[in-house]
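J.: Provide a 3D model corresponding to the input given below.
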Amino acid sequence: MDAVREFMQNIHFEWMLAKIKLARAVIRLRNRINAIADIGSLLEVIVIYAIFVYIGFIFWVLLMLLDIAAGTNIFEAVIDVMYELHRFALPALQILNGLLGIFVGLAMIAQGNGYPSKPRYDFNRNKTKGLRKVEFGSLNSDEVKMTECVVCLESIGAKDSVCVLPQCKHYFHVACIDRWLWFRNTCPICRSGVSAEPVHHLYGSMLQI
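T.: From the prediction side, this is the model:
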């Protein structure tokens, strides 16, 4: 079962990296698009795609359950389910997540900028002033766990300023984590909380990436 647990952890990590890459693509798209013709039709396509993904996933689960009922070894059936989840559901969910990210980005552009100008809650760049910021090269050797910022996926130079999160001690480029915290109040790697206050987007409802 350790192998299955490790397999699921790898899937979760790959999914997280895919979401970060898609978020970067949305930021680039925001800088290139000047107008939006029809956001409603895009949302309609996303909803339809989500329905088909859900139906397809249920279909695969039912097939695996029927396989178990027919006498297949339980461990082999679990491995089969994990394989089918990785082969079918994960790529589909990555595409769906990308479409939703693009929709959110386009909605922001339609409002005139890429970030909310007046967040309903005061979780903004001033909040990061209380976080530890140091040069990457000044970190202790036991603190250095990685040399790449997982938000921008670029190397961290010795002179680069990094922000160290208080609970998990993961660190990122200051500008990268500052941008990330507009949308989520958790660590991009382990999801440890950064603030107790919810982060709201420009419409005032929770934004779940």
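
J.: now do stretch 130-141, average pLDDT.
T.: Averaged over stretch 130-141, pLDDT sits at 81.

J.: and that stretch, which residues are buried?
T.: 131, 136, 139 (16 or more other CB atoms under 10 Å). For every residue, glycine as well, the C-beta is placed using N, CA and C.

J.: let me know the distance separating the second one from Cys149.
T.: With distances defined as CB to CB, to the nearest Å, the gap from Phe136 to Cys149 amounts to 10 Å.

J.: give me the common contacts of those two.
T.: Counting by CB atoms under 8 Å, 6 or more residues apart in numbering, the residues touching both Phe136 and Cys149 are 156, 162.

J.: ok, back up a step: any chance of the buried residues of stretch 130-141 in TSV, with secondary structure and distance to Pro166 too?
T.: Putting the buried residues of stretch 130-141 into TSV (DSSP: H, G, I helix; E, B strand; the rest coil; distance: CB to CB, whole Å) gives the following:
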residue	secondary structure	distance to Pro166
Leu131	coil	7
Phe136	helix	18
Leu139	coil	15
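
J.: ok, the residues you listed vs Ile177, which is closest?
T.: Leu131 (8.1 Å; CB to CB).

J.: where does the protein dip in pLDDT?
T.: By pLDDT under 70, the weakly predicted segments of the chain are 1-19, 21-50, 52-54, 56-57, 59-129, 195-209.

J.: number of nearby residues for the nearest residue to His173 once chain neighbours are set aside?
T.: Among residues not flanking His173 along the chain, Cys149 sits closest, at 4.7 Å (CB to CB, 6 or more residues apart in numbering). The burial count assigned to Cys149 is 22, neighbours taken as other CB atoms under 10 Å.

J.: pull the contacting residues for Cys149.
T.: So Cys149 contacts 155-156, 162, 172-173, 176 (CB under 8 Å, 6+ apart).

J.: any chance of the buried residues of stretch 130-141 in JSON lines, with distance to Ser192 too?
T.: JSON lines is the format used below for the buried residues of stretch 130-141 (distance: CB to CB, whole Å):
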{"residue": "Leu131", "distance to Ser192": "13"}
{"residue": "Phe136", "distance to Ser192": "20"}
{"residue": "Leu139", "distance to Ser192": "18"}
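
J.: sorry, back to before: for beta bridges, what are the partners of the residue nearest to His173?
T.: Assessed by DSSP bridges, Cys149 has beta-bridge partners Glu154.

J.: could you measure from it over to Ile55?
T.: Using CB to CB, one obtains 38 Å as the distance from Cys149 to Ile55.

J.: I'd guessed Ile189 sits against Val150; true?
T.: Yes: under the criterion of CB atoms under 8 Å, Ile189 makes contact with Val150 at 5.9 Å.

J.: the domain parsing of the protein - what is it?
T.: What automatic domain parsing lists as the domains of the chain is 2-110, 115-209.

J.: which non-adjacent residue is nearest Cys152?
T.: Spatial nearest neighbour of Cys152, chain neighbours left out: Cys176 (5.0 Å); criterion: CB to CB, 6+ apart.
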